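[1] Generate coordinates for the sequence data below:
(chains A and B)
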Amino acid sequence: MHYWIQGSNTRPVKSVMIMKKTKILFGVVIALIVVMPSFSPLSSKSLALREGAYVKWSVELKALDRSKGQTEHYWSAESYLKIFKITNSSDGMAVLFAYSTHYFDVAKGTYSESDKSPRVSEGMYVNNGSTKAVFSNGNNYEYVLHKESWMFMMEFPFSPFTIFNVKKADFKDWFCDAYLYRVIGSRKRECGIFFETWDIVLGSRRKIYYAEMYYLSSSINLGESEIPESSVIEINVGIDRESGIIAKLRYFWQYSQNIMFELILSIKDTNVFKKGTFINGVIITIIGLIAAYMAYRFYKKKKRLKKIRI
Amino acid sequence: MGLREYTIRRIITGFITLIIVLIFNWILFRLPSFVTGIDPTWFYVMSQLVGAVSGTNPELFITILLNFKTRWKIPSLKAPIGLWIDHIIAYIINMFTFNLGEDMLIYKGRPIAELLVTRIPVSVFLILPATLISILVGILIGARLGANPGSRLDVTLMGIALMLYSIPAFWLQLLFKAFFTVKWDIWPVRGGLAYFGTTFPDGLMWFLDALFMLTLPIMTLVLAGFAGWMLLMRNSLMEVMGEDYILTARAKGLDEATILYKHAFRNAILPVVTGVILSLALVWTGAVITETIFTIPGVGLLLFNAVIQLDFPLCEASFYFIAVCTIFANIIADISYALLDPRVKY
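    Purely as a prediction, here's the structure:
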């Protein structure tokens, strides 16, 4: 009661303040919608194999010591790929690109007890500033620009410096045939599962081809002496369904009697698709809901005040 | 708020609680994987291969792992969010529809829902009579003592009741088992349901057989449980006996029996009713310790074996079943209390 008697002069002031706040909030919402990240020079629908495209991945190597039940960090790295020029000719396609892997935060650089010197050291770069890859005009389902092995003497089936030609109509069939069927023992067997799903990549909702595969580590071992015969490597790979780049990659395998290595790679930056659209959308929705609620409250208050004046 | 609104609100909150419980249940059994980073299915396949001749055969490992993966569609820890969301939604739907899957360790290939359904009657057969007898004995003695607090009978029975209330049930059960089975040889030491080897459900013979075998565990459950009801009833009645309307009844010249059973008892029993409904609604969930000690093949023993042998799917389903029963019992208790006492307003 006290409020209504005394507040006749203050009511319009309060209303104006609420209105101002609401206006500001609406302004912010509209500004966010307009300035939604659209600074990517490339279309999100196109394959990443285009001039000017770059991708940056963060990589980490960890080891699970089963005897201690502890996980140990070995090193972190950053892999970078940039495509400079693509020349199409009657023979095929020539791609001029640069790649690098920069190791940092190295806690342990030796992989086995027989290693006399560290395989990876602090600040180590493995790079090539100008490489040319030539692909013939055949059925190219994948463009392997460089095969990365992170200083292991192993031939990992997936490398970040690979762009998959996801635009091919029969890409899924090819992928399953190429990677999900392997010769295990004496015959060709299914060794993985394949999904078409989605994920949040760099704050954007991206369609993903995701596969989980289980290979015998011995089948990709080129010279590691400590890998047990019974070792199985688990491979988790997520490929962007529109650009064909590897968004996530994980290798997990038994390296020696007690050590299980885990190599995790995830995309850190790129210009091949719009970043942060999902996160921004969520933020905008939340702000929008708050603004709508405030506007509703303002409207209700105004209506009530009108009634009181009558 | 009327009773109808309250009931709807209570059902909605129960539903939300169940979803939260489901999510916790889901996380609980995946914690080892979240901590170590190892795929949840790896644990399972490794546990299946432990001790097997082919335990080190990687081809067999891959085959089992893939069979498991394709059959149960459990994604790896590093799988995309979309796959995990699909998995969790499927999990919640399956749980709500009681599609609890198949067990793969203790009872290989048997549907878990079927396992639970076959165990529930046994648990009910054990706990329902024990609960009913405990409640009946507890309430009757409690009412008698509450009407005459401080009497010699009250002091004596309260002492005995407090002693029984303080004794852990499992200790009492072990003691009874030692005397009645080993020392006096009345019941067989092995426990179980069938003294004469009858199998469930074999009509009257099975019923009598099981009844004989369950007498000992029921006896221990009653002894361990009635004291609680007795104390609750006694205290509730003592409180009611001090009310003004009891004084009015006495002033009207009513006899003590009418005052006690018509006026005081009916009001004093209200707080007890909530507990009674809760206990009766939970008879399905089994008694883990009692069933383990007396080897009674009920839900409790099923859960005990699942926990001991790390049978995660069975544990998960058993926990879920217990959670459903508890939430359901709570809803029923709350609503019935509102129905029984018209003074209660929500």
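[2] how long is stretch B:103-123 from one end to the other?
    Terminal residues of stretch B:103-123 lie 20 Å apart, using C-alpha to C-alpha, to the nearest Å.
[3] typo on my end, it should be stretch A:237-249
    4 Å.
[4] now swap in stretch A:159-172 and tell me
    End-to-end distance (C-alpha to C-alpha), stretch A:159-172: 18 Å.
[5] Now do the contacts for residue B:101.
    Shown in contact with residue B:101 (C-beta atoms under 8 Å, 6 or more residues apart in numbering or on different chains): B:72, B:94, B:111-112, B:313, B:317. In short, each C-beta sits where N, CA and C put it, glycine included.
[6] Equivalent analysis for residue B:335, please.
    B:3, B:6-7, B:10.
[7] Could you pick out the buried ones from the residues you listed?
    B:6-7, B:10 (16 or more other C-beta atoms under 10 Å in any protein chain shown).
[8] Lowest-confidence member of the residues you listed, which is it?
    Minimum pLDDT across the buried ones among the contacts of residue B:335 is recorded for residue B:6, with 85.
[9] which other helices and strands contact the one helix or strand that one maps to?
    For residue B:6, the host element (DSSP states H and E) is helix B:3-28. Other helices and strands packing on helix B:3-28, by 3 or more C-beta pairs under 8 Å, 6 or more residues apart in numbering or on different chains; DSSP states H and E, are helix B:81-96, helix B:312-340.
[10] How far off centre is the last one?
    Its chain's C-alpha centre lies 9 Å from the corresponding centre of helix B:312-340 when counted by C-alpha atoms, centre = their mean, to the nearest Å.
[11] Report the rounded mean pLDDT for that helix.
    87.
[12] Could you give the number of residues near residue 282?
    Since no chain was named, I'll use chain A. Residues lying near residue A:282 (other C-beta atoms under 10 Å in any protein chain shown) number 11.
[13] To clarify, I was referring to chain B.
    Neighbours of residue B:282 (other C-beta under 10 Å): 18.
[14] Verify the stated contact: it with residue B:329.
    Yes. Judged on C-beta atoms under 8 Å, residue B:282 makes contact with residue B:329 at a distance of 5.3 Å.
[15] are any of the contacts of residue B:101 buried, and which?
    B:72, B:112, B:313, B:317.
[16] Can you add distance to chain A and give those residues back as JSON lines?
    Formatted as JSON lines, those follow (distance: C-beta to the nearest C-beta, whole Å):
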{"residue": "B:72", "distance to chain A": "11"}
{"residue": "B:112", "distance to chain A": "24"}
{"residue": "B:313", "distance to chain A": "20"}
{"residue": "B:317", "distance to chain A": "24"}
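[17] so what's the residue in the stretch 151-300 of chain B that chain A sits nearest to closest to, chain neighbours aside?
    Residue nearest to chain A within the stretch 151-300 of chain B: residue B:288 (29.3 Å; C-beta to the nearest C-beta). Nearest residue to residue B:288 in three dimensions, chain neighbours excluded: residue B:300, at 4.0 Å (C-beta to C-beta, 6 or more residues apart in numbering or on different chains).
[18] Where does the prediction get shaky in the chain?
    Went with chain A since none was named. A:1-26, A:28-46, A:184-185, A:309-310 (pLDDT under 70).
[19] not quite, I wanted chain B
    Within chain B, the segments meeting pLDDT under 70 span B:1, B:47-56, B:194-202, B:344-346.
[20] Residues of it that sit close to chain A?
    B:36-39, B:42, B:56-59, B:61-63, B:65-66, B:69-70, B:75-76, B:78-83, B:86 (C-beta under 8 Å from any C-beta of the partner chain).
[21] Give me the buried entries from those.
    B:36-39, B:42, B:57-59, B:61-63, B:65-66, B:69, B:75-76, B:78-80, B:82-83, B:86.
[22] Contact partners for residue B:137?
    Residue B:137 neighbours (C-beta under 8 Å, 6+ apart): B:222, B:226, B:229-230.
[23] Dump the residues you listed into CSV; add neighbour count and secondary structure as well.
    Formatted as CSV, these follow (neighbours: other C-beta atoms under 10 Å in any protein chain shown; DSSP: H, G, I helix; E, B strand; the rest coil):
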residue, neighbour count, secondary structure
B:222, 21, helix
B:226, 24, helix
B:229, 24, helix
B:230, 29, helix
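[24] Among the residues you listed, list the two that are farthest apart in space.
    B:222 and B:230 (11.5 Å; C-beta to C-beta).
[25] unless I'm mixing things up, residue B:278 is touching residue B:328, no?
    No. With contact defined as C-beta under 8 Å, residue B:278 and residue B:328 do not form a contacting pair (10.3 Å).
[26] Chain B contacts on chain A?
    A:62, A:64, A:69, A:71, A:184-185, A:189-193, A:195, A:197-200, A:208, A:210, A:212, A:214, A:216, A:229-232, A:234, A:236, A:238, A:248, A:250, A:252, A:260, A:262, A:264.
[27] Narrow the residues of chain B next to chain A to those in helices?
    Of these, the ones assigned to helices by DSSP state H are B:36, B:42, B:58-59, B:61-63, B:65-66, B:69-70, B:81-83, B:86.
[28] Spit out the contact partners of the residue nearest to the spatial centre of chain B.
    Central residue of chain B (C-alpha atoms, centre = their mean): residue B:285, 3.3 Å from the mean position. Counting by C-beta under 8 Å, 6+ apart, residue B:285 makes contact with B:123, B:299-300, B:321-322, B:325-326.
[29] which one of those has the most neighbours?
    residue B:299 (30 neighbours).
[30] for that residue, what are its contacts?
    B:116, B:119-120, B:122-123, B:284-286, B:291, B:318, B:321.
[31] ranking these by neighbours, who comes first?
    Neighbour max across the contacts of residue B:299 (other C-beta under 10 Å) = residue B:286, 29 neighbours.
[32] In the stretch 201-310 of chain A, what residue spans correspond to helices?
    A:277-309 (DSSP state H, counting those that start in this stretch).
[33] all strands for it, in order.
    A:204-216, A:232-240, A:246-254, A:259-270 (DSSP state E, counting those that start in this stretch).
[34] Is the residue in the stretch 201-346 of chain B positioned nearest to chain A in a helix, a strand, or coil?
    Per C-beta to the nearest C-beta, residue B:310 is where the stretch 201-346 of chain B lies closest to chain A, at 16.6 Å. Three-state call for residue B:310 (DSSP: H, G, I helix; E, B strand; the rest coil): coil.
[35] Please work out how many residues are found near it.
    Residue B:310 has 14 nearby residues by other C-beta under 10 Å.
[36] do the one 10 residues further on as well
    By the criterion of other C-beta under 10 Å, residue B:320 has 21 neighbours.
[37] so it touches residue B:23, yeah?
    No. At 11.3 Å, residue B:320 does not count as touching residue B:23 under the criterion of C-beta under 8 Å.
[38] what separates stretch A:56-67 from the chain centre, distance-wise?
    The chain centre lies 17 Å from the centre of stretch A:56-67; the measure is C-alpha atoms, centre = their mean.
[39] Please identify the buried residues of it?
    Under 16+ other C-beta under 10 Å, the buried positions of stretch A:56-67 are A:56-57, A:59, A:61-64.
[40] got a list of what the closest residue to residue A:254 other than its chain neighbours touches?
    Counting by C-beta to C-beta, 6+ apart, residue A:254 lies nearest to residue A:231, which is 4.1 Å off, once chain neighbours are set aside. The contact partners of residue A:231, taken as C-beta under 8 Å, 6+ apart, are A:216-218, A:253-255, B:58.
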